[in-house]
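Peer 1: Got a sequence here, can you build the structure:
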Amino acid sequence: MRMKEMVARTGVHERLLRYYEQQGLLAPDRLPSGYRIYSETDVEAVRRIRCLLAAGLPTATIAQVLPCVRTDDDRLVPTCPDLVAQLRRERERISRAIDELATSREMLDHVLSAAPSASAPASTPEPAPESSRYA
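Peer 2: Residues are numbered from 1 along each chain as shown. From the prediction side, this is the model:
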C-alpha cells in the first residue's frame with residue numbers, strides 16, 4: 001500500500017511515518033520511482049511504535065525493543081530474554097522523572113500559596129507627586 005493508504009489505516013501523519021523510517025523503526029519497500037510501499041507488517045509495526053511511544057519510551061529505545069515484541073490480543077508481549085530487564089530500567093527512568101516533576105509541582109504550589117489572593121486587586125504604587133518627578 002502507498003503512503004496515503006498507510007496514513008488512513010494507521011491514523012499516523014505522513015511526516016511521522018517518514019520520521020519512523022528515518023529513526024530505523026520502519027523500512028518500507030521502495031518502487032524504482034522512490035515511492036514507499038508499506039505492508040501489513042508495517043501497519044502492525046506502527047501500532048506497536050505508537051503503543052511504545054505512549055508508554056514513554058524514546059524512539060532510540062523503541063528501535064531496540066521493536067524486534068523483541070509481538071502483539072497478542074492488543075497487548076505487547078516481550079519475546080527476547082533481555083527485554084524485560086531493559087523495560088524495567090525504562091520504567092525506573094520514568095518513575096524518577098515522575099518523582100522529579102512531583103517535586104517541582106510541590107515547589108510551585110508552595111510559591112503560589114504565598115501569592116496574594118486572585119480576587120484581591122493587585123496593589124499598584126502611588127504615582128509620585130508632580131513636583132518630585134523631575135527633581
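
Peer 1: In this structure, mark out all the strands, start to finish.
Peer 2: If DSSP state E is used as the criterion, the strands of the chain fall at 29-30, 36-37, 69-71, 76-78.

Peer 1: okay if I get those strands as TSV plus mean pLDDT, mean neighbour count and distance to Arg9?
Peer 2: Yep, even glycine has a C-beta here, placed from its N, CA and C like the rest. Listed next are these as TSV, based on pLDDT from 0 to 100; neighbours: other Cβ atoms under 10 Å; distance: least, Cβ to Cβ, whole Å:
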stretch	mean pLDDT	mean neighbour count	distance to Arg9
strand 29-30	94	10	16
strand 36-37	96	16	13
strand 69-71	90	15	15
strand 76-78	90	15	19
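
Peer 1: Let me know which of those strands is the nearest to Lys4.
Peer 2: For the strands of the chain, the distance to Lys4 is smallest for strand 36-37, at 10.5 Å, taking Cβ to Cβ.

Peer 1: Who are the packing partners of that closest one?
Peer 2: strand 29-30 (3 or more Cβ pairs under 8 Å, 6 or more residues apart in numbering; DSSP states H and E).

Peer 1: who's in contact with the strand it packs on?
Peer 2: With contact meaning Cβ atoms under 8 Å, 6 or more residues apart in numbering, strand 29-30 is reached by Arg36, Ile37, Ser39.

Peer 1: For Thr103, state which of those residues is nearest.
Peer 2: Arg36 (44.6 Å).

Peer 1: thought that closest one was touching Met1?
Peer 2: No - Arg36 is not in contact with Met1 according to Cβ atoms under 8 Å; the separation is 9.3 Å.

Peer 1: residues near Gly56, how many?
Peer 2: Neighbours of Gly56 under the rule other Cβ atoms under 10 Å: 13.

Peer 1: That one contacts Ser95, correct?
Peer 2: No - Gly56 is beyond contact range of Ser95, at 10.1 Å (criterion: Cβ under 8 Å).

Peer 1: before we move on, the earlier item: tabulate the contacts of strand 29-30 (TSV), appending distance to Glu100.
Peer 2: Below are the contacts of strand 29-30 laid out as TSV (distance: Cβ to Cβ, whole Å):
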residue	distance to Glu100
Arg36	40
Ile37	44
Ser39	41
